[in-house]
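1. Have a look at this prediction, sequence included:
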Amino acid sequence: MMHEKKFFTTNLDVRFRDLDAMGHVNNAVFFTYFEQGRLDFFNSAVSAGAFPGFEFILAHISCDYLKPVTIDDRLTLQIRVGKIGRKSFNFSYAIVDRTDANCIYATGESVNMMKSLKAEPPSTLILAFVGLDTEQMADNS
(Lines give C-alpha, C1' and ligand atoms only; values in the text may rest on other atoms or scores of the structure.)
Protein backbone atom coordinates (compact mmCIF):
# COMPACT_ATOMS: atom_id res chain seq x y z
CA MET A 1 0.00 0.00 0.00
CA MET A 2 1.28 3.49 -0.81
CA HIS A 3 1.65 5.50 2.41
CA GLU A 4 4.52 7.93 1.88
CA LYS A 5 2.70 10.35 -0.44
CA LYS A 6 -0.83 11.17 -1.49
CA PHE A 7 -2.11 9.02 -4.36
CA PHE A 8 -4.93 9.00 -6.90
CA THR A 9 -7.35 6.06 -6.77
CA THR A 10 -9.75 4.56 -9.27
CA ASN A 11 -11.86 1.42 -9.00
CA LEU A 12 -11.29 -1.41 -11.47
CA ASP A 13 -13.85 -3.93 -12.68
CA VAL A 14 -12.65 -7.46 -13.42
CA ARG A 15 -14.31 -8.61 -16.64
CA PHE A 16 -14.78 -12.19 -17.76
CA ARG A 17 -12.55 -11.48 -20.80
CA ASP A 18 -9.69 -10.61 -18.38
CA LEU A 19 -9.46 -14.21 -17.15
CA ASP A 20 -7.16 -16.97 -18.31
CA ALA A 21 -7.94 -20.70 -18.39
CA MET A 22 -7.16 -21.00 -14.66
CA GLY A 23 -9.75 -18.34 -13.75
CA HIS A 24 -7.12 -15.72 -12.86
CA VAL A 25 -6.69 -12.31 -14.47
CA ASN A 26 -4.12 -12.74 -17.25
CA ASN A 27 -0.78 -11.09 -16.56
CA ALA A 28 -1.02 -8.78 -19.60
CA VAL A 29 -4.32 -7.36 -18.33
CA PHE A 30 -2.56 -5.75 -15.37
CA PHE A 31 -0.92 -3.38 -17.86
CA THR A 32 -4.39 -2.55 -19.21
CA TYR A 33 -5.46 -1.77 -15.63
CA PHE A 34 -2.46 0.58 -15.29
CA GLU A 35 -3.41 2.20 -18.61
CA GLN A 36 -7.00 2.70 -17.45
CA GLY A 37 -5.68 4.28 -14.27
CA ARG A 38 -3.51 6.72 -16.21
CA LEU A 39 -6.52 7.65 -18.33
CA ASP A 40 -8.70 8.19 -15.26
CA PHE A 41 -5.90 10.19 -13.59
CA PHE A 42 -5.54 12.56 -16.53
CA ASN A 43 -9.29 12.80 -17.20
CA SER A 44 -9.71 13.82 -13.57
CA ALA A 45 -6.93 16.40 -13.88
CA VAL A 46 -8.13 17.72 -17.25
CA SER A 47 -11.64 18.16 -15.91
CA ALA A 48 -10.04 20.50 -13.40
CA GLY A 49 -8.34 22.34 -16.31
CA ALA A 50 -4.84 21.23 -15.36
CA PHE A 51 -3.42 19.49 -18.46
CA PRO A 52 -4.70 20.85 -21.78
CA GLY A 53 -2.58 19.55 -24.69
CA PHE A 54 -0.37 17.42 -22.43
CA GLU A 55 1.08 14.58 -24.58
CA PHE A 56 3.41 11.81 -23.46
CA ILE A 57 4.50 8.31 -24.50
CA LEU A 58 5.22 5.27 -22.40
CA ALA A 59 8.97 4.59 -22.32
CA HIS A 60 9.01 1.72 -19.80
CA ILE A 61 6.54 -0.20 -17.66
CA SER A 62 6.87 -3.06 -15.20
CA CYS A 63 4.62 -5.12 -12.96
CA ASP A 64 5.26 -7.33 -9.95
CA TYR A 65 2.47 -9.88 -9.50
CA LEU A 66 1.92 -10.58 -5.81
CA LYS A 67 -1.42 -12.39 -5.62
CA PRO A 68 -3.81 -13.87 -8.23
CA VAL A 69 -6.91 -11.83 -9.08
CA THR A 70 -10.20 -13.62 -9.81
CA ILE A 71 -13.57 -12.47 -11.17
CA ASP A 72 -14.92 -12.05 -7.62
CA ASP A 73 -12.21 -9.63 -6.48
CA ARG A 74 -13.13 -5.97 -6.13
CA LEU A 75 -10.11 -3.86 -7.01
CA THR A 76 -8.82 -0.34 -6.55
CA LEU A 77 -5.81 1.03 -8.39
CA GLN A 78 -3.63 3.49 -6.51
CA ILE A 79 -1.40 5.75 -8.61
CA ARG A 80 1.35 7.98 -7.28
CA VAL A 81 3.46 10.40 -9.26
CA GLY A 82 7.12 9.67 -8.57
CA LYS A 83 10.18 11.35 -10.00
CA ILE A 84 9.48 14.29 -12.28
CA GLY A 85 12.29 15.30 -14.61
CA ARG A 86 12.70 17.78 -17.43
CA LYS A 87 11.42 15.36 -20.12
CA SER A 88 9.91 12.50 -18.12
CA PHE A 89 7.89 11.54 -15.08
CA ASN A 90 7.25 8.26 -13.27
CA PHE A 91 4.07 6.67 -11.99
CA SER A 92 3.93 4.01 -9.27
CA TYR A 93 0.94 1.68 -9.19
CA ALA A 94 -0.61 -0.64 -6.61
CA ILE A 95 -3.64 -2.81 -7.32
CA VAL A 96 -5.30 -3.45 -3.97
CA ASP A 97 -8.51 -4.93 -2.61
CA ARG A 98 -11.25 -2.30 -2.59
CA THR A 99 -12.20 -3.06 1.02
CA ASP A 100 -8.73 -3.87 2.40
CA ALA A 101 -5.88 -1.79 0.94
CA ASN A 102 -3.40 -4.01 2.82
CA CYS A 103 -4.31 -6.83 0.41
CA ILE A 104 -2.01 -6.00 -2.52
CA TYR A 105 -2.41 -7.95 -5.77
CA ALA A 106 0.27 -6.21 -7.84
CA THR A 107 2.59 -3.23 -7.93
CA GLY A 108 4.16 -1.52 -10.91
CA GLU A 109 6.00 1.44 -12.24
CA SER A 110 6.12 3.36 -15.50
CA VAL A 111 8.44 5.92 -17.03
CA ASN A 112 6.57 8.37 -19.22
CA MET A 113 8.36 10.65 -21.71
CA MET A 114 7.11 13.83 -23.29
CA LYS A 115 6.00 13.20 -26.88
CA SER A 116 7.98 16.22 -28.05
CA LEU A 117 11.53 16.44 -26.75
CA LYS A 118 11.10 20.22 -26.75
CA ALA A 119 8.18 20.01 -24.30
CA GLU A 120 8.45 19.75 -20.54
CA PRO A 121 5.94 18.04 -18.29
CA PRO A 122 3.79 20.54 -16.41
CA SER A 123 5.44 19.49 -13.16
CA THR A 124 3.92 22.20 -11.03
CA LEU A 125 0.47 21.08 -12.15
CA ILE A 126 1.22 17.40 -11.48
CA LEU A 127 2.67 18.31 -8.09
CA ALA A 128 -0.33 20.44 -7.21
CA PHE A 129 -2.77 17.74 -8.33
CA VAL A 130 -1.29 15.01 -6.14
CA GLY A 131 -0.15 17.23 -3.27
CA LEU A 132 3.59 16.57 -3.52
CA ASP A 133 6.29 18.99 -2.40
CA THR A 134 8.07 20.81 -5.21
CA GLU A 135 11.41 19.99 -3.57
CA GLN A 136 10.94 16.39 -4.74
CA MET A 137 11.22 17.43 -8.39
CA ALA A 138 14.28 16.03 -10.14
CA ASP A 139 16.84 18.30 -11.80
CA ASN A 140 17.45 16.08 -14.85
CA SER A 141 15.88 13.45 -17.13
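-> Nice, I can see it. Keep in mind that this is a model prediction, so the values were computed, not measured.
2. C-alpha only now, for contacts and for neighbours.
-> Will do.
3. For M113, see how far away G85 is.
-> Noted for G85: a distance of 9 Å to M113, by CA to CA, to the nearest Å.
4. Comparing those two, which residue is more hemmed in?
-> M113 (23 against 17; other CA atoms under 10 Å).
5. Next, the buried residues of the helix or strand that one falls within.
-> For M113, the host element (DSSP states H and E) is strand 104-114. Neighbour-count burial for strand 104-114, counted by 16 or more other CA atoms under 10 Å, picks out I104, Y105, A106, T107, G108, E109, S110, V111, N112, M113, M114.
6. Could you give the separation of it from the chain centroid?
-> 6 Å (CA atoms, centre = their mean, to the nearest Å).
7. neighbouring contacts of stretch 69-80?
-> 2, 5-16, 19, 23-25, 33-34, 37-38, 91-99, 105, 130 (CA atoms under 8 Å, 6 or more residues apart in numbering).
8. Quick one: classify G23 as helix, strand or coil.
-> Using DSSP: H, G, I helix; E, B strand; the rest coil, the structure places G23 in coil.
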